[in-house]
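Asker: Sequence unavailable; structure follows:
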């Protein structure tokens, strides 16, 4: 069988330019980042209980922290195209968080909400398509995270059924929890891989085979 992509099972997560064993040392940090994202998503959801001007500033700080954690994921993960998404999302969270923490909420919220809504729609579609390159059963959470990102982005973009700060806190909180669960699920699977195992063909063939 002539595969155009005959690579180790984990090659779409581990960058072939570095030894897989070396990259697997980053897995505990990446899984830790997943737990932190879940915690930050939970804290974000708690902001729904207290809708005050100071709450918007506090949520902005949460967004900045989430962006920094996602930046760590983008740097350590080495999963190529998806890393670009993670990096873009990290920058967006940091910039959006700073805007919420420093600008007038009535000005910052509509802009941040619209930008995040549009980004999450594109992000969700891209992640679902990217997950199609992985073996479906093992990377189920990648599909799920893409679907959640698309749904939260769509609802945020069209301000339905919530709008303003409650919508931002709810949808971004859910997205962070989804991202954290996905990090833990995917990288715990990678941790179990045998880096010395023989290569396994992954979707994509040459000459239609």
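Answerer: Everything's here; your move. Predicted model, so just to flag it, every value in this text is computed and none were measured.
Asker: give me every residue that touches the residue most central in space within the chain.
Answerer: The chain has residue 179 as the residue nearest its centroid, 4.5 Å off, counting by C-alpha atoms, centre = their mean. Contact partners of residue 179, counting by C-beta atoms under 8 Å, 6 or more residues apart in numbering, are 34, 37, 41, 70, 145. Placement of C-beta: from N, CA and C, glycine included.
Asker: Helix or strand with the lowest mean pLDDT in the protein?
Answerer: In the chain, no helix or strand scores lower on mean pLDDT, DSSP states H and E than strand 6-7, which sits at a mean of 28.
Asker: same for the one helix or strand residue 95 maps to, what does it pack against?
Answerer: Element membership for residue 95, per DSSP states H and E: helix 81-102. On a contact count with 3 or more C-beta pairs under 8 Å, 6 or more residues apart in numbering; DSSP states H and E, helix 81-102 meets helix 53-77, helix 105-131.
Asker: Now with 10 Å, please.
Answerer: helix 53-77, helix 105-131, helix 140-157, helix 164-191 (3 or more C-beta pairs under 10 Å, 6 or more residues apart in numbering; DSSP states H and E).
Asker: tell me the mean pLDDT for the second one?
Answerer: Taken as a whole, helix 105-131 has a mean pLDDT of 88.
Asker: With the first one instead?
Answerer: Model confidence over helix 53-77, given as mean pLDDT, is 89.
Asker: Which elements pack onto it?
Answerer: Using 3+ C-beta pairs under 10 Å, 6+ apart: helix 53-77 touches helix 27-46, helix 81-102, helix 105-131, helix 164-191.
Asker: And it, what's buried?
Answerer: 55-56, 58-60, 62-67, 69-74, 76-77 (16 or more other C-beta atoms under 10 Å).
Asker: chain center to it, what's the gap?
Answerer: Mean-position distance between helix 53-77 and its chain equals 12 Å (C-alpha atoms, centre = their mean, to the nearest Å).
Asker: do the longest one as well
Answerer: In terms of C-alpha atoms, centre = their mean, the centre of helix 164-191 is found 7 Å from the chain centre.
Asker: before we move on, what about stretch 154-167?
Answerer: Centre-to-centre, stretch 154-167 and its host chain are 20 Å apart (C-alpha atoms, centre = their mean).
Asker: got the buried residues for it?
Answerer: Per 16+ other C-beta under 10 Å, stretch 154-167 contains these buried residues: 154, 155, 156, 157, 165, 167.
Asker: do stretch 111-123 as well
Answerer: Using 16+ other C-beta under 10 Å as the test for burial, stretch 111-123 gives 112, 113, 115, 116, 117, 119, 120, 121, 123.
Asker: Nearest to residue 93, out of those: which one, please.
Answerer: The closest of these to residue 93 turns out to be residue 116 (C-beta to C-beta; 8.6 Å).
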